[in-house]
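Engineer: The sequence and its predicted three-dimensional model are supplied below.
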Amino acid sequence: MFDQLTEIFCDFDDFCKEVVPNWEATLLECDKSAKKPTKQEQYGPSCGLCRSEIMTILVMYHGSRFKNFKTFYNGIVLRLGRCYFPKAPCYERFLTLTKRAWLLLTFFMAYRFGSKTGVYYIDSTPLAVCHNKRINKHKVFRDLAARGKTSMGWFFGFKIHFVFNSLREIVAVQMTPGNISDASVVPKLTQDLTGKLFGDKGYIGKKLTQSLLERGLVLMTRVRKNMKSLPMTIDDKRLLNKRNIAETIIGHIKEFSSLRMPKHRSVINAFTHVVASIIAYPINPLSPYAES
């Protein structure tokens with residue numbers, strides 16, 4: 001774990017040094033006539049950690065196979081990693097600092113998207129925020145989550161939609177409520193892509209296929225029993241047969257990270273951990289030459 005710590009931190013630190021000054025310059029200034037608050041009044045006690053250190057800890061957690069962040073922070077960061085984070089605060093204080101990394105992690109995720117190879121695979125995965133029996137009592141994501149249905153049954157929560165390239169890198173990602181259909185997000189999710197896009201039967205749609213084709217993206221899926229087979233080359237059939245690699249990568253991300261929404265009591269912290277888990281995928285990626 002610690003053998004990649006320096007590399008991860010340097011990536012985040014270089015990114016923050018380049019982005020943060022320009023980002024802060026675009027923020028609206030406070031009314032100059034008003035009394036300028038002191039640093040302690042504005043931000044509270046000094047956090048002891050810079051933004052890049054907070055981002056590093058979050059991404060390390062999701063690349064560590066730990067399923068409980070409190071155990072990871074108290075055992076790894078405060079004990080084994082104290083020499084790397086000498087000013088790390090207590091666990092409760094760190095939770096309040098997590099929100100400071102949300103936007104920067106989102107920017108970094110978009111900055112590190114994979115290359116455009118011309119061959120892409122699309123799929124989605126559900127993120128339930130509670131058990132179905134507790135939907136009426138759930139409060140944290142009540143105004144954001146929605147009921148959805150997958151091949152495994154009904155759930156209450158969100159969906160994460162992924163697009164991967166032929167090198168098994170993440171090219172695009174979008175998070176929606178659970179009741180949003182997979183096909184409806186495709187135009188926006190793939191707006192900058194051209195080439196061939198392979199998906200499952202959930203993306204079947206004549207209008208969708210036609211609209212994508214007009215801008216240079218060919219959508220290919222398997223057909224249902226009452227539909228005629230589409231004309232495909234041998235090469236296209238081979239690529240379509242490898243479509244399940246998208247499910248394999250998503251399962252790989254979930255296995256290494258802790259994408260468990262029910263444990264969160266803060267919306268911002270929950271979304272921060274979701275982004276961190278996606279960023280952590282390149283730490284333990286699937287090899288582009290591994291069997292699909």
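Structural biologist: Sure thing, it's come through.
Engineer: since we're on residue 231, how many residues are nearby?
Structural biologist: As a burial measure, the neighbour count of residue 231 was computed by other C-beta atoms under 10 Å and equals 6. For glycine as for every other residue, the C-beta is placed from the backbone atoms N, C-alpha and C.
Engineer: which SS state does it fall under?
Structural biologist: Recorded secondary structure, residue 231: coil (DSSP: H, G, I helix; E, B strand; the rest coil).
Engineer: Quick check, pLDDT for it.
Structural biologist: Residue 231 is assigned 75 on the pLDDT scale.
Engineer: now do the one 10 residues further on
Structural biologist: For residue 241, the pLDDT comes out at 89.
Engineer: Phi first, then psi, for it.
Structural biologist: phi -70, psi -20 (degrees, to the nearest 10).
Engineer: do the same with residue 119
Structural biologist: Residue 119 adopts backbone torsions of phi -130, psi 120, taken as degrees, to the nearest 10.
Engineer: Surely it touches residue 194?
Structural biologist: No - at 10.9 Å, residue 119 does not count as touching residue 194 under the criterion of C-beta atoms under 8 Å.
Engineer: need the longest strand for the protein.
Structural biologist: When the chain is parsed with DSSP state E, its longest strand is strand 153-165.
Engineer: which parts of that one are buried?
Structural biologist: For strand 153-165, the buried set under the neighbour-count rule, 16 or more other C-beta atoms under 10 Å, comprises 155, 156, 157, 158, 159, 160, 161, 162, 163, 164, 165.
Engineer: State the distance from the nearest residue to the fourth one once chain neighbours are set aside to residue 250.
Structural biologist: When the adjacent residues along the chain are set aside, residue 158 lies closest to residue 127, with 4.6 Å between them (C-beta to C-beta, 6 or more residues apart in numbering). Here residue 127 is placed at a distance of 11 Å from residue 250 (C-beta to C-beta, to the nearest Å).
Engineer: Give me the more crowded residue out of those two.
Structural biologist: Set side by side, residue 127 and residue 250 show unequal neighbour counts under other C-beta under 10 Å, the larger going to residue 127 at 22 against 18.
Engineer: a helix runs through residue 171, doesn't it?
Structural biologist: No - under the criterion used here (three-state DSSP), residue 171 is strand, not part of a helix.
Engineer: wait, isn't it in contact with residue 113?
Structural biologist: Yes - in this structure, residue 171 is within contact of residue 113 by C-beta under 8 Å, at 5.6 Å.
Engineer: out of the buried residues of strand 153-165, what pair is the most spread apart?
Structural biologist: Taking C-beta to C-beta as the measure, the buried residues of strand 153-165 reach their widest spread between 156 and 165, a distance of 31.8 Å.
Engineer: ok so, going back, helices and strands around the helix or strand containing the residue nearest to residue 158, which ones?
Structural biologist: In the assignment (DSSP states H and E), residue 127 maps to strand 119-128. Here strand 119-128 touches strand 153-165, strand 195-198, helix 245-256, going by 3 or more C-beta pairs under 8 Å, 6 or more residues apart in numbering; DSSP states H and E.
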